[in-house]
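S.K.: coords please:
(one chain, ligands or ions: 1)
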Amino acid sequence: MGDIRYDDRVAVITGAGGGLGRSYALYLAARGAKIVVNDLGGSTDGQGNDSRAADAVVAQIRDLGGVAVANYDSVATAQGGERIIQTAIDTFGTVDIVINNAGILRDASLVKMSAESFDALIDVHLKGAFYVTQPAFRVMKEKGYGRVVYTASGAGLFGNFGQANYAAAKMGLVGLSSVTAIEGAKYNIKSNVITPIARTRLTEGVMGATGEMFAPEYIAPMVAYLVSESCEYTHEIFNVGAGRYSRIFVASAPGWNAPAGATPSVEDIRDQLSIITSTASYKIPANAVDA
Ligand code: NAI
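M.R.: Numbers count the residues shown, from 1 in each chain. Next up is the predicted model:
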């Protein structure tokens, strides 16, 4: 099998002015993709904006002989999402790849979390991914080709103290990706989720000395595979970090069936809980009907 390349492919990467997004931009550009480097350039909690973050990555790609253009719109509005995809169309004529990566943090325990902080996280992570993917999906559907990656998090799938807003947004992205995959299937649009763990400005405070193990460069090859033409996977979730690559899945266990024609009582439920909660066997449903 030959090398995987992205020649003539146009990739939109949100939040690519730093951290993981920047490493994806450099990786794909080095293999021939034309990149829209989107970044608002604000702080980790979403305040302010600065065009220098995206500009610096574009300059670095061009210095290495690659092709890239900057975009400074926020993903968190529908107009911003439209403009990000329009930048790809105006500059490079199309969009083949969307990597939804932009993100912020505003941690607080459930009782202390403000409605504003909750909304801000939903706006950037969840609505932002929708606002960018929807206009791209229209183009992809028309051309019969597309690759979409959404960035969730272990905190979203498994929970983490102080991250109600982040976890809710990240789990929402799993649903968004499932529907992108199902609706995209007949147009060769593949959609997958990653749950990364890496040392970036978002995590440097908590990782400390272990940080070196978590170089962002471990994440880029997995994302690069998922947005390649050779990717055969869709509707999947991949856990990626520190050199480990594994699958996460949402599964359904067979459970307990109440006797035909009888409505069980609350005591019946209590008495059958060991069977109801058993994961001795399970199935990964293809969609809600299958489930
Ligand atoms: P980062 O802070 O280095 O990168 C995020 C980028 O998104 C920043 O450059 C920021 O300016 C940009 N951004 C923020 N709001 C934006 C908006 N409204 N519009 C456009 N750009 C915006 O952090 P990192 O770690 O690279 O995060 C990338 C993604 O990975 C995020 O979605 C994060 O939640 C996710 N993630 C990261 C993990 C880690 O261990 N670093 C763990 C799990 C998930």
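S.K.: Would you map out the domains in this protein?
M.R.: 10-248, 252-291 (automatic domain parsing).
S.K.: looking at those domains, which is buried most?
M.R.: With neighbours defined as mean count of other Cβ atoms under 10 Å, these peak in mean count at domain 10-248, which reaches a mean of 20. C-beta: built from backbone N, CA, C; applies to glycine.
S.K.: quick one: average pLDDT of that one?
M.R.: Summarised as a single mean, pLDDT over domain 10-248 is 97.
S.K.: In this structure residue 67 contacts residue 30, no?
M.R.: No: if you go by Cβ atoms under 8 Å, residue 67 and residue 30 don't touch, sitting 11.0 Å apart.
S.K.: just the helices in the protein please.
M.R.: Under the criterion DSSP state H, helices of the chain are mapped to 19-30, 52-63, 78-92, 115-121, 128-143, 154-158, 164-184, 204-207, 220-226, 266-271, 273-276.
S.K.: wait, which of those is closest to residue 98?
M.R.: helix 128-143 (4.7 Å; Cβ to Cβ).
S.K.: which helices and strands sit right next to that closest one?
M.R.: helix 78-92, strand 97-100, strand 146-151, helix 164-184, strand 189-197 (3 or more Cβ pairs under 8 Å, 6 or more residues apart in numbering; DSSP states H and E).
S.K.: Just the CA atoms of it, as CSV, please.
M.R.: Taking C-alpha atoms only, helix 128-143 is exported to CSV below (Å, rounded to 0.1, in the frame of the first residue of the first chain):
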residue,chain,number,x,y,z
GLY,A,128,-20.1,25.6,16.3
ALA,A,129,-19.5,22.1,14.9
PHE,A,130,-23.0,22.2,13.4
TYR,A,131,-22.6,25.7,12.0
VAL,A,132,-19.4,24.7,10.2
THR,A,133,-20.4,21.2,9.1
GLN,A,134,-23.8,22.0,7.7
PRO,A,135,-22.6,24.3,4.8
ALA,A,136,-19.7,21.9,4.2
PHE,A,137,-22.1,19.0,4.0
ARG,A,138,-24.1,20.7,1.3
VAL,A,139,-21.0,20.9,-0.8
MET,A,140,-19.9,17.3,0.0
LYS,A,141,-23.4,15.9,-0.8
GLU,A,142,-23.3,17.6,-4.2
LYS,A,143,-19.9,16.3,-5.0
